[in-house]
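Trainee: Requesting a structural model of the entry that follows:
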Amino acid sequence: MSHIRLGLRENLGQFSLLVVVNAFVGAMIGIERSILPAIAEQEFQLAARTAVLSFIVVFGVTKALSNYLAGRFSDRFGRKHVLVAGWLVATPVPFMLMWAPSWSWILVANALLGVSQGLTWSTTVIMKIDLAGPRKRGLAMGINEFAGYFAVAASALATGYIAAHYGLRPQPFYLGVAFVAIGLLLSVFAVRETTHHVAAEARLSGNAAPLMPLTQREIFWRTTLRDKNLSSVSQAGLVNNLNDGMAWGLFPLFFAAAAMDLAQIGTLAALYPATWGIAQLITGAWSDRIGRKWLIASGMWVQAIGIAATVVADGYAGFATGAVLLGLGTAMVYPTLLAAIGDVAHPSWRASAVGVYRLWRDLGYAFGALLAGITADAFGLPAAIWLVAALTFASGIVVAVRMRETLRPAPPPPARVTGPPAARPPAGPRRF
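Mentor: Residues are numbered from 1 along each chain as shown. Just a heads-up that it's a prediction; the model follows:
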């Protein structure tokens, strides 16, 4: 393994390929982002908000569980096998969304999509952490999440446009067929395994194995509760996706109630992940310079402000402002949380820790959809949105109080040996 090298520049080809693959992973979520709530109401006559948001609950639970398994399976079987399996699971999804005769088919399609997203997105995250090494981890995660969420935005915008011109089904979901085919082919024939980079990083750090091997149970509880840094990251990830689940399910309905048409709703649904995706190119690298803790805490607070700005707005410009603020706050948080996991977890159990973190993070989709749906049915859409804003602000306080900085300072360069001439070794005979 002497030829294995860590770093973005040293692994530029494979890293770039994984960025492209993750863009197709994100685009698969985008095909639903702007139009599925409208399909629920217009084609299946679902009136209760909890029922409309049921697809997000199913997606969140299955994605969370497959995230956890992706981390374990990646450590056990290798990253590439898990990535390919995730794309195979996604194969029937666009066809089911096109031709579903009942809402139960939509729920099954979202269960498969959740499994696929957990396996594919988790694995591309883990592989990029493997390739990047410790020094540019924040930048690597920023690029990864940029690719995924910018693709979410582009896909949501495209499907909203297609739906506005050709109808809600089946035309918008033709894109999904292309996304699955390209992502699967790239993963099978072009992506290479990265487990050798894990061993190389552990060896270079002088810590080829942890002092005491950790069981999966120990990794789970350390990441969930016992380690202050890892548990702070996990709760922030959960609340981040709780508000994203609310934005995914309720914002299109909230915008429709304010007389926005399908094209406007599609644009607003795209603006939030587009801002989130692009800004991560800056925030991921920024966390490598200033640290993780306060970027995460302040990012949660900016998200809360963006949600509040949306609920008090009364027109397109106000909704767009709220979407941009929510996207900026999420960009501050999302890659930084992943980088913090990489800072704390040992390379030998890092993939499993990422899986536990992503388990809790994506359960936030289910919690957010249930909480927002029940609250909206009982008290109305604005009350549900306000509640999520308050929880998001509180999550930032938890990070500020409980978490310590995880970014380790770069080691100083080795000192040059200097001294008085007498202290130097004697020179050899001079030649004239």
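Trainee: Hmm, Asn67 and Gly114 touching each other?
Mentor: No: using C-beta atoms under 8 Å, Gly114 is not in contact with Asn67, being 9.3 Å away. The C-beta positions use only the backbone N, C-alpha and C, and glycine is treated the same way.
Trainee: which residues are in contact with both of the two?
Mentor: Residues touching both Gly114 and Asn67 by C-beta atoms under 8 Å, 6 or more residues apart in numbering: Asp362.
Trainee: Stretch 166-173: how far from the chain's middle?
Mentor: Put simply, stretch 166-173 sits 27 Å off its chain's centre (C-alpha atoms, centre = their mean, to the nearest Å).
Trainee: what's the span of that stretch from first residue to last?
Mentor: Using C-alpha to C-alpha, to the nearest Å, the end-to-end distance of stretch 166-173 comes to 12 Å.
Trainee: Contacts for that stretch next, please.
Mentor: Under the contact criterion C-beta under 8 Å, 6+ apart, stretch 166-173 has outside partners 31, 35, 38-39, 42-43, 94-95, 97-99, 158-159, 162-163.
Trainee: Equivalent analysis for stretch 8-17, please.
Mentor: With C-beta under 8 Å, 6+ apart as the test, stretch 8-17 has contacts from 5, 128, 131-132, 136, 139-140, 143, 186, 190-192, 194, 197.
Trainee: Just the buried ones from these, in ChimeraX syntax?
Mentor: If you want just the buried ones from these in ChimeraX, going by 16 or more other C-beta atoms under 10 Å, the selection is:
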select :128,131,132,136,139,140,143,186,191,194,197
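Trainee: So which of the contacts of stretch 8-17 belong to strands?
Mentor: Assigned to strands by DSSP state E, none of the contacts of stretch 8-17 qualify.
Trainee: Just give me the closest of the contacts of stretch 8-17 to Arg79.
Mentor: The nearest member of those to Arg79, counting by C-beta to C-beta, is Thr194 at 5.4 Å.
Trainee: Once you drop chain neighbours, what's closest to that closest one?
Mentor: Spatial nearest neighbour of Thr194, chain neighbours left out: Asp130 (4.0 Å); criterion: C-beta to C-beta, 6 or more residues apart in numbering.
Trainee: what's the weakest-modelled helix or strand in the chain?
Mentor: Sorting the helices and strands of the chain by mean pLDDT, DSSP states H and E puts helix 195-204 at the bottom, at a mean of 69.
Trainee: re earlier: could you pick out the buried ones from the contacts of stretch 166-173?
Mentor: Applying 16+ other C-beta under 10 Å to the contacts of stretch 166-173 flags Ile31, Ile35, Ala38, Ile39, Pro94, Leu97, Met98, Ala158, Thr159, Ile162, Ala163 as buried.
Trainee: farthest-separated two in those residues?
Mentor: Checking these with C-beta to C-beta, the most distant pair is Ala38 and Pro94, at 17.3 Å.
Trainee: and Ala400, how many neighbours?
Mentor: Counted by other C-beta atoms under 10 Å, the residues lying close to Ala400 total 16.
Trainee: How much space separates the residue lying closest to it once chain neighbours are set aside from Leu407?
Mentor: Excluding its sequence neighbours, the residue lying closest to Ala400 (C-beta to C-beta, 6+ apart) is Ala297, at 4.4 Å. Relative to Leu407, Ala297 is positioned 14 Å away (criterion: C-beta to C-beta, to the nearest Å).
Trainee: residue ranges with poor pLDDT in the protein?
Mentor: Flagging of the chain using pLDDT under 70 yields the residue ranges 1-2, 48, 134, 199, 201-213, 409-432.
Trainee: that older thread, just send the buried ones among the contacts of stretch 166-173 back as a markdown table, with distance to Ala400 and secondary structure too.
Mentor: Converted to a markdown table, these look like this (distance: C-beta to C-beta, whole Å; DSSP: H, G, I helix; E, B strand; the rest coil):
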| residue | distance to Ala400 | secondary structure |
| --- | --- | --- |
| Ile31 | 37 | helix |
| Ile35 | 38 | coil |
| Ala38 | 39 | helix |
| Ile39 | 40 | helix |
| Pro94 | 42 | helix |
| Leu97 | 41 | helix |
| Met98 | 46 | helix |
| Ala158 | 39 | helix |
| Thr159 | 38 | helix |
| Ile162 | 43 | helix |
| Ala163 | 42 | helix |
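Trainee: ok, of those residues, which one's closest to Trp248?
Mentor: Ile35 (11.6 Å).
Trainee: That closest one touches Ala263, doesn't it?
Mentor: No: look at Ile35 against Ala263 with C-beta under 8 Å: they stay out of range, at 11.2 Å.
Trainee: list the residues that contact both of these two?
Mentor: Gly160.
Trainee: Report all helices and strands that the helix or strand harbouring Ala351 contacts.
Mentor: Per DSSP states H and E, Ala351 falls inside helix 350-379. Helix 350-379 is packed against helix 49-52, helix 54-77, helix 103-132, helix 216-221, helix 228-257, helix 316-344, helix 381-402, with contacts defined by 3 or more C-beta pairs under 8 Å, 6 or more residues apart in numbering; DSSP states H and E.
Trainee: So which of those helices is nearest Gln303?
Mentor: When these are compared for distance to Gln303 using C-beta to C-beta, the nearest one is helix 316-344, at 3.4 Å.
Trainee: Now do Trp105 against Arg222, distance only.
Mentor: Using C-beta to C-beta, one obtains 40 Å as the distance from Trp105 to Arg222.
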